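Have a look; sequence and predicted model below, questions after that.
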Amino acid sequence: MTSSRLEARLKEAQDKGRTALIPFLPAGFPDKNRFFDELKALDRAGADIIEIGIPFSDPVADGPVVEAASQECLARGASLAWLFQELPKHRSELSAEIVLMGYVNPFMQFGWSDLAEKAAALDLAGMIIPDLPLEESPEIEAILTRHQLDLIPLVGLNTSPERMHLYADRARGFVYFVSILGITGAKNVLSPELKSKLEQARQIFTQPLALGFGLSSPDQVQSVQGSVDAVVFGSALIEHIRQGGSGGSFLRSWRSGEQETGIGQ
Amino acid sequence: MKNGYFGEFGGRFVPEILMPPLLELEEAIRDMLPGRDFQDRFQALLRNFVGRPTPLTRLANLSRELGFELWLKREDLAHTGAHKINNTVGQALLAKQMGKQCLLAETGAGQHGVATATAAALLGLDCLVYMGAKDVHRQQINVRRMELLGARVVPVEASTQTLKDAINQALRHWIKEQDTTHYCIGSVVGPHPFPGLVRDLQAVIGREARAQFQEQTGTLPDQVLACVGGGSNAMGIFHPFVDDQSVGLTGIEAAGRGTPGCYHSATVNQGSPGVLQGTKTYLLQTEDGQILPSHSVAPGLDYPGVGPEHVHLQQSGRVAFVQVNDRQAVEAFQCLCRKEGIIPALESSHALAHALSLKGSLSSETQVLVNLSGRGDKDLDIVSEYCSMEGN
C-alpha cells in the first residue's frame, strides 16, 4: 500500500510544531465563481487541507448554517458533476491537499467507480462521508483505495475503544474526531471529557487526528494544541464569508492566533 | 445476508455518533422484546388500551355491487384512530425498559405524533415531536391533540417543511440527546433496526386478520391490499401472509394528481435506488441524487422514500405495487362513507380505490382484504377543499 499524502501533509505541520488548518467550504459557496476565488484565498492563506462539501438536500449531520449554504448552492446548480467540470481549470493554482466531504446518495448516484476515477484524475486525496459508518464502508473503501483515495473515518465522544480499534485497523489519511455529540456549527465548549477522550484516541490511532464540528474561534485551537494534529472549521468560515469577510482573512486570524501564543515558531 | 438488510436494501447509513444508540436499541430488541415481562405488558396494553383485536368486517353492500367478497381489517377502530398506536405503545414500553425518559418522534400528518404522545402520556415519558412547519399549519387539530397529551411540538422550518425534514431534525436531536431519549420512528423506514422493529410491532394486524379470516370463512383471503407511504400498515398486514403463496399481496402507492410530471409519492413504482435517512431503498430523486418533494392528497403517504423491505418484496416478486391518484382516492373515500357507513382515512382510501377498480375482473368467490389503516375524521377539511377545487 502506498503511503498517504494526507498523512504526510499533516506530519509536515506536526514537525513544524503547529496544528494544521482544514477549512470546509460547500461547492458553489458563496456563489459559483467566487467559490474558486475563496478556495485560492484559503490556499494562499495557508490551508493545509481543504474540504470541499458536496451539497445534499438532506444533510443529517449538519447544522442550520451548513444546511442553508447547501440549499443555496443546490439552487444555483452546484453539484458533483459541476465541480468535476470546473475544478480542473483551477486545480493547478491550489497547493493544499483536497478532500471531498459529502453524503452517500449524491456520490452513489454519480457512481462510485466514476467518482473515484475522476477524483484521482483531479489529484484529490480522499473523501469524508459522514453517513457511511464502518459496517457499510468496505466495498466503497475498496474502490477508493484502488485509486489512492483515502476514506477518512469520523469518530466521536461516544465511540467505544473497541470501535476505535476497528477504525484504526482501516483508517487512512487522518481520523476526523467530532468534538461534540451534535451537528456541525453547534455551540461548543471544549470539555474535560473531550480532552480525556482525545487522549484515548491518541493511544489507539497511529493516524493523525483532526478535530471538527463546532469550532468557532482561534483560541479553541490553542486549548487542544498537542492533543490533535489538525482542526476543521466550516460553519464559522461560512458565517464569516456571509458577513462580507473573505476566507483568506478568516484563516489568517487563526494563524495569527497561533503566533501570538508562540505556536508555529 | 448483511446485518439489517432485506436483500440489497436496508442497512445503517448513519453518522458514527448515532451508532451507539442504534446498537443499544438492537441489543434491547434482542434481549427484552421476546421476554415474558415485555410481552405480557405489551399484549395487555394492546387488549385493554388500544382495543385489540380490531374487527374484520365484511362489506355486504359493496361486495354485492363489485361482484366479489370485500373485507376490511378495521385499524380505524384502534385507539387514536389508526394503526400507528400499535408501534408507539410497543416502542414506548421498550424505551421505558431501557431506562429512557423521553420519546422523540417525527410526524407528517400528525397521526404518528398523536400516537407517540398518547403512549408517552400513558407510560409517564416526556414527548418531543418534530413536525414540518407546513404540516403544523395544515394539521392544526393534531397539533392541539399532541399538546393536550403533554407533548412538545417543534415546527421545522428547513427545506420543504414536511415529513422528510422533520425526520432529519429528529435524527439531529437524537444525536444530542441519545442518553436519555428513545427515537420512536413512525414507519418501517430509517436505519436498522427500525424497519424490522416497526414491522414486528405492526405484524399484530396481519396475525389477527389471518386468524379472523380463517375463523369466519375457513380459508385465507385471495388478495391483501394496503396503502404504502413509508409502509408500516402494509408491512404489518403483509408480514404474516408472506409465506402463504396463495395470498396475493399488493401495495398501493399515491400517484398524486396522476398527471405527467406531477409530484407524487409512488416511490417503488417511479423511484430509483438510493440512500436517505439511514437506509438504502427506493427514492424520488434527481439524477444528482437530490431528494425531490413528494405529494399526495393523503398527508400520511407524502414521503419521497419507502421502507426497504417493501422494495425487496417487490423485487423478489412477492408483492405487487400499483398506483392510485388523488381523485380515485377521494372517490373511494366518499364511496365507503355512503355505502358502508365508514369514514376512512385518505391514506387507506388509496387501497380501497384499488379494490374498487377490480370490479368485473374477479370471480364472485374471490376474497379481497383491505387494510383500513385509519379513520378519516382528520381528512374532512382536505376532502371538502379538494372537492371545491375540482368543482364536484
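All right, it came through fine.

mind checking which helix or strand of the chain has the lowest mean pLDDT?
Picked chain A for this. Among the helices and strands of chain A, helix A:247-260 carries the lowest confidence by mean pLDDT, DSSP states H and E, at a mean of 73.

Chain B is the one I meant
helix B:133-138 (a mean of 88).

give the contact list for the residue of chain B found nearest chain A.
Using CB to the nearest CB, the single residue of chain B nearest to chain A is B:Gly289, 3.4 Å away. C-betas here are computed from N, CA, C, even on glycine. Counting by CB atoms under 8 Å, 6 or more residues apart in numbering or on different chains, B:Gly289 touches A:Phe56, A:Asn105, A:Pro106, A:Phe107, A:Met108, A:Gln109, A:Phe110, B:Gly274.

Spell out which residues of the stretch 1-150 of chain A are next to chain B.
A:56-61, A:63-64, A:67-68, A:71, A:74, A:79-81, A:103-110, A:130-136 (CB under 8 Å from any CB of the partner chain).

Buried among those residues? Make that a PyMOL selection.
Buried residues among the residues of the stretch 1-150 of chain A next to chain B (16 or more other CB atoms under 10 Å in any protein chain shown), as a PyMOL selection:
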select buried, chain A and resi 56+57+58+59+60+61+63+67+68+71+74+79+80+103+104+105+106+107+108+109+110+130+131+132+133+134+136
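
The residues of the stretch 1-150 of chain A next to chain B in helices, which ones?
A:64, A:67-68, A:71, A:74, A:80-81, A:104-110 (DSSP state H).

Check which helices and strands the least confident helix or strand of chain B sits against.
Applying 3 or more CB pairs under 8 Å, 6 or more residues apart in numbering or on different chains; DSSP states H and E, one finds that helix B:133-138 contacts strand B:152-156.

now the helix or strand following the strand it packs on and strand B:152-156, what's the angle there?
Sequence order places helix B:163-177 as the next helix or strand after strand B:152-156, per DSSP states H and E. Interaxial angle, helix B:163-177 versus strand B:152-156 (axes from the mean of the first three to the mean of the last three CA atoms, to 10 degrees): 120 degrees.

Without its sequence neighbours, what residue ends up closest to the residue of the stretch 101-250 of chain A found nearest chain B?
In the stretch 101-250 of chain A, no residue comes nearer to chain B than A:Gln109, which is 3.4 Å away by CB to the nearest CB. Distances taken as CB to CB, 6 or more residues apart in numbering or on different chains place B:Gly289 nearest to A:Gln109, at 3.4 Å, with adjacent residues excluded.

ok now the least confident helix or strand of chain B, how far from the chain's centre?
Chain-centre distance of helix B:133-138: 19 Å, with CA atoms, centre = their mean, to the nearest Å.

Could you pull out the buried residues of that helix?
For helix B:133-138, the neighbour count (16+ other CB under 10 Å) marks B:Ala133, B:Lys134, B:Asp135, B:Val136, B:Arg138 as buried.

For B:Phe13, see how far away the residue most central in space within chain B is.
For chain B, the residue sitting closest to the mean C-alpha position, by CA atoms, centre = their mean, is B:Ser232 at 3.5 Å. Distance, B:Ser232 to B:Phe13, using CB to CB, to the nearest Å: 20 Å.

same thing with B:Asp76?
35 Å.

and if you look at B:Val188?
Taking CB to CB, one finds B:Val188 at 16 Å from B:Phe13.

Which stretches in the stretch 151-265 of chain A count as strands?
Taking DSSP state E, counting those that start in this stretch, the strands of the stretch 151-265 of chain A run over residues A:154-156, A:175-178, A:209-212, A:230-233.

okay, those strands in a markdown table with distance to A:His240 next?
Shown next, in a markdown table, are the strands of the stretch 151-265 of chain A (distance: least, CB to CB, whole Å):
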| stretch | distance to A:His240 |
| --- | --- |
| strand A:154-156 | 24 |
| strand A:175-178 | 21 |
| strand A:209-212 | 16 |
| strand A:230-233 | 9 |
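
how about those strands, which one is nearest A:Ala96?
strand A:230-233 (11.9 Å; CB to CB).

neighbouring strands for the closest one, and are they parallel or not?
Strand pairing for strand A:230-233, determined by DSSP bridges: strand A:20-26 (parallel), strand A:209-212 (parallel).

ok, residues contacting it?
Contacts of strand A:230-233 (CB under 8 Å, 6+ apart): A:10, A:13, A:19-24, A:48-49, A:51, A:174, A:176, A:208-213, A:215-216, A:220-221, A:224, A:254.

C-alpha coordinates for it, PDB please?
Presented in PDB, the C-alpha positions along strand A:230-233 are these (Å, rounded to 0.1, in the frame of the first residue of the first chain):
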ATOM      1  CA  ALA A 230      -5.400  19.500  12.800                       C
ATOM      2  CA  VAL A 231      -8.600  21.400  13.200                       C
ATOM      3  CA  VAL A 232     -11.500  21.600  10.800                       C
ATOM      4  CA  PHE A 233     -13.900  24.600  10.600                       C
END
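
Quick one: neighbours of B:Gly261, just the number.
Neighbours of B:Gly261 under the rule other CB atoms under 10 Å in any protein chain shown: 6.

A:Asn33 too?
10.

Is it in a helix, a strand, or coil?
Under DSSP: H, G, I helix; E, B strand; the rest coil, A:Asn33 falls in the helix class.

Give me the pLDDT value at it.
A:Asn33 is assigned 95 on the pLDDT scale.

likewise A:Glu86?
pLDDT at A:Glu86 comes out at 98.

My read is that B:Val370 contacts B:Glu69, right?
No. Shown here, B:Val370 and B:Glu69 do not form a contact pair, counting by CB atoms under 8 Å, at 11.4 Å.

And the pLDDT at the closest residue to the residue nearest to the centre of chain B other than its chain neighbours?
Of all residues beyond its chain neighbours, the one nearest B:Ser232 is B:Ser187 (4.3 Å), with distances taken as CB to CB, 6+ apart. B:Ser187 is assigned a predicted lDDT (pLDDT) of 97.

ok, back up a step: of B:Val188 and B:Phe13, who's got more company?
Under the neighbour definition other CB under 10 Å, B:Val188 and B:Phe13 were set side by side, and B:Val188 has more, 33 against 28.

So the more buried one: helix, strand or coil?
B:Val188 - assigned by three-state DSSP - is coil.

ok now do the closest residue to it other than its chain neighbours, which residues does it touch?
Using CB to CB, 6+ apart and skipping residues adjacent in sequence, the residue nearest B:Val188 is B:Gly307, 3.5 Å away. B:Gly307 is in contact with B:Ser187, B:Val188, B:Val189, B:Pro195, B:Arg199, B:Val228, B:Gly230, B:Gly231, B:Ser232, B:Met235, B:Thr281, counting by CB under 8 Å, 6+ apart.

Pull out the buried members of these.
B:Ser187, B:Val188, B:Val189, B:Pro195, B:Arg199, B:Val228, B:Gly230, B:Gly231, B:Ser232, B:Met235, B:Thr281.

residues in contact with the fifth one?
For B:Arg199, the contact set (CB under 8 Å, 6+ apart) comprises B:Val188, B:Ser232, B:Met235, B:Gly236, B:His239, B:Gly307, B:Glu309.

Now render those as a markdown table, adding secondary structure.
Formatted as a markdown table, the contacts of B:Arg199 follow (three-state DSSP):
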| residue | secondary structure |
| --- | --- |
| B:Val188 | coil |
| B:Ser232 | helix |
| B:Met235 | helix |
| B:Gly236 | helix |
| B:His239 | helix |
| B:Gly307 | coil |
| B:Glu309 | helix |
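
Return the member of those nearest to B:Thr54.
B:Gly236 (11.4 Å).

Skipping adjacent residues, who's closest to that closest one in space?
B:Gln202 (2.8 Å).

do you know how far that neighbour is from B:Ala105?
16 Å.

Compare the two and say which is more crowded by neighbours.
B:Ala105 (31 against 27).

Verify the stated contact: the more buried one with B:Leu128.
Yes. Counting by CB under 8 Å, B:Ala105 does reach B:Leu128; the two are 7.5 Å apart.
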